[in-house]
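Participant: Here is the input, now give the coordinates:
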Amino acid sequence: DCFRLKTQGFLIIAPDGVDARDFFPASCVDDGLHSEILKRIHSLREYALREAAGSRHSIGATVRRFRDLDRQSWHVAMQDGSGRVVGCARYRPIDGGFEEFRASESAIARSTRYGPMLRSSLEGLLSSARHRGKHCGEAGGWALCPDVRKTTAGFNIALMTYALAEHLGSGLALTTATRLNQSASILRRIGARRLAGLPGYYEPEFASVMEII
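Facilitator: Alright, predicted model coming up:
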């Protein structure tokens, strides 16, 4: 399902097989719009991945893996006045344990020094959230068209994603954020923090320094 919010030009897209009206009873659902908007989101994310990785890196495997995640995720899409998707992010509720987070496949997770710290911190947060009757989730796929990067669009998409996660019952949202385009610092400025004091790390897949936030 895909439905439109009447503020800021936002669209919310539900995961495959999920009826958005179970979570947003007053929403106006448009099934036909779902695949079209998701195609535009994919196009924007692929552009951002190619820009980050550069010509030296193949992004085919990353794109395929992200599309698998997309089918399990909620999406926030921002449109301009002409209906073009100029920004997006996704949120995926986590039902399992540490291995379900993309962070478990990151370069820092393979570190003999920091990998155990990452696992211990995430398992502790999962346990705490579930004890409070909440779930944990993973945010990602945050991408912007170049012409809106120096506007409030990035903040607005991040805040809308936080609001969506909270509405869905999240007690914690984790993301692996790049330092490119100040993505990680923007998230910290609106209240996010680096997980368990873990350092930034280089991720070959994205040819970028990343932070787990």
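
Participant: count of residues packed around residue 132?
Facilitator: Burial measure for residue 132: 10 neighbouring residues, criterion other C-beta atoms under 10 Å. For the C-beta atoms, the positions are set from N, CA and C on the backbone; glycine is no exception.

Participant: quick one: it from residue 169, how far?
Facilitator: According to C-beta to C-beta, to the nearest Å, residue 132 stands 10 Å off from residue 169.

Participant: cool, residue 44 as well?
Facilitator: 28 Å.

Participant: Have a look at those two and say which one is more surrounded.
Facilitator: More crowded of residue 44 and residue 169, by other C-beta under 10 Å: residue 44, with 20 against 13.

Participant: And that one, how close does it get to residue 162?
Facilitator: Using C-beta to C-beta, residue 44 is found at 20 Å from residue 162.

Participant: now do residue 11
Facilitator: Taking C-beta to C-beta, one finds residue 11 at 17 Å from residue 162.

Participant: give the contact list for residue 134.
Facilitator: Neighbour list for residue 134: 169-172 [criterion: C-beta atoms under 8 Å, 6 or more residues apart in numbering].

Participant: For the residues you listed, pick the one with the most neighbours.
Facilitator: For the contacts of residue 134, neighbours were counted using other C-beta under 10 Å, and residue 170 has the most, 20 neighbours in all.

Participant: Nearest residue to that one in space, please, no chain neighbours.
Facilitator: Of all residues not flanking residue 170 in the chain, residue 137 sits nearest, at 4.8 Å (C-beta to C-beta, 6 or more residues apart in numbering).

Participant: Check what pLDDT the most centrally placed residue in the chain gets.
Facilitator: Closest to where the C-alpha atoms of the chain average out (C-alpha atoms, centre = their mean) is residue 140, at 1.8 Å. Per-residue pLDDT puts residue 140 at 89.

Participant: okay but it is in contact with residue 69, surely?
Facilitator: Yes: with contact defined as C-beta atoms under 8 Å, residue 140 reaches residue 69; the gap is 7.5 Å.

Participant: correct me, but residue 80 touches residue 10?
Facilitator: No: using C-beta under 8 Å, residue 80 is not in contact with residue 10; the gap is 11.7 Å.

Participant: Which one's more surrounded, these two?
Facilitator: Neighbours per residue, other C-beta under 10 Å: of residue 80 and residue 10, the larger number sits with residue 10, 18 against 14.

Participant: The more buried one contacts residue 78, correct?
Facilitator: Yes: the criterion here is C-beta under 8 Å, and residue 10 meets it with residue 78 at 5.8 Å.

Participant: list residues touching both of these two?
Facilitator: Residues touching both residue 10 and residue 78 (C-beta under 8 Å, 6+ apart): residue 160.

Participant: Helix or strand with the lowest mean pLDDT in the protein?
Facilitator: Every helix and strand in the chain was compared by mean pLDDT, DSSP states H and E; the lowest is strand 2-4, with a mean of 50.
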